[in-house]
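Engineer: Provided below for reference: sequence and predicted model.
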Amino acid sequence: MVVIAPSILAADFARLGEQVVESEQGGAGRVHIDVMDGHFVPNLSMGPAIVASLRRVTRLPLEIHLMVEEPERFLDAFLSKGADSLIAHLEVLPDPRPFLRRLHDAGKRAGLAVRPDTPVEALEPFLGAIDLALCMTVHPGFSGQAFLSESSGRIGRLRELINSGNPRCELEVDGGIGPETGRASVRAGANVLVAATAIFADHDGPAAAVRRLLAAATG
């Protein structure tokens, strides 16, 4: 099953709750929330208050993508506001096991992400301990970037590793995802598609955009 995860990084924040509800009505499976600290990536973005606000308007799982240098510092703050899963970058966690353990002990889902310049093989030792592996298909930090051409090969290789090490682990992709790149990503082995601009900048609105992306990815 393919899951669409709208990333609110490209949403209209004056209408954030309304747009998330529209995405849910279109068939979105979760909400992706990008958190940036201005250090790991050259941008700043959302905090726990956004999670608390969205928790009041949607029943969808809230997925937090921590693009930060010290993800452990933020774990409790986001969990207390209603986060359902947190994803940290392997590049800042030489030993991610304590982070993953804290999430699982709290009854939450745990994920690890890698940037495009990190070999996906770096995730292999930890696949048995995670619920989700996130393969970035752009350089993290800003929405609206083009899908990197080498991404399909990386997705395919990560799918092989997941099938061998933990078939229950989801393979999520994030960056430059639209109908064509979403379809290519699913064919390569992804089952969760994060999309920002393709959903929240669509002239027909988020619900129609989610339906269109889901149809393209599964058609």
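Structural biologist: Received, thanks.
Engineer: element containing residue 153?
Structural biologist: Using DSSP states H and E, residue 153 maps to helix 151-165.
Engineer: Using PDB, write out every CA atom in the next helix or strand after that helix.
Structural biologist: For helix 151-165, the succeeding helix or strand toward the C-terminus, using DSSP H and E, is strand 170-174. C-alpha atoms of strand 170-174 as PDB (Å, rounded to 0.1, in the frame of the first residue of the first chain):
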ATOM      1  CA  GLU A 170       8.600   1.400   5.600                       C
ATOM      2  CA  LEU A 171      10.700   3.000   2.900                       C
ATOM      3  CA  GLU A 172       9.800   6.700   2.600                       C
ATOM      4  CA  VAL A 173      11.100   9.200   0.100                       C
ATOM      5  CA  ASP A 174      11.200  13.000   0.500                       C
END
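Engineer: for strand 170-174, packing partners?
Structural biologist: strand 109-114, strand 132-136, helix 151-165, strand 192-195 (3 or more CB pairs under 8 Å, 6 or more residues apart in numbering; DSSP states H and E). Every C-beta, even on glycine, is put in place using the N, C-alpha and C of the backbone.
Engineer: Mean neighbour count, those: which tops it?
Structural biologist: Greatest average neighbour count among the helices and strands packed on strand 170-174 goes to strand 192-195 (a mean of 28), per mean count of other CB atoms under 10 Å.
Engineer: follow-up on the earlier one: now render the helices and strands packed on strand 170-174 as JSON lines, adding distance to residue 203.
Structural biologist: Shown next, in JSON lines, are the helices and strands packed on strand 170-174 (distance: least, CB to CB, whole Å):
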{"stretch": "strand 109-114", "distance to residue 203": "30"}
{"stretch": "strand 132-136", "distance to residue 203": "27"}
{"stretch": "helix 151-165", "distance to residue 203": "26"}
{"stretch": "strand 192-195", "distance to residue 203": "15"}
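Engineer: would TSV of the ones you listed with distance to residue 54 and mean pLDDT be doable?
Structural biologist: Formatted as TSV, these follow (distance: least, CB to CB, whole Å; pLDDT from 0 to 100):
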stretch	distance to residue 54	mean pLDDT
strand 109-114	17	98
strand 132-136	19	98
helix 151-165	28	98
strand 192-195	16	98
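Engineer: Residue 32: which of those is closest?
Structural biologist: strand 192-195 (4.8 Å; CB to CB).
Engineer: Not counting its neighbours along the chain, what's nearest residue 156?
Structural biologist: residue 188 (4.6 Å; CB to CB, 6 or more residues apart in numbering).
Engineer: what's the neighbour count on the one you found?
Structural biologist: Residue 188 has 19 neighbouring residues, counting by other CB atoms under 10 Å.
Engineer: Could you do residue 208 as well?
Structural biologist: Residue 208: 15 neighbours (other CB under 10 Å).
Engineer: Ok, the one 4 residues further on next?
Structural biologist: Here the neighbour count serves as a burial measure; for residue 212 (other CB under 10 Å) it reads 18.
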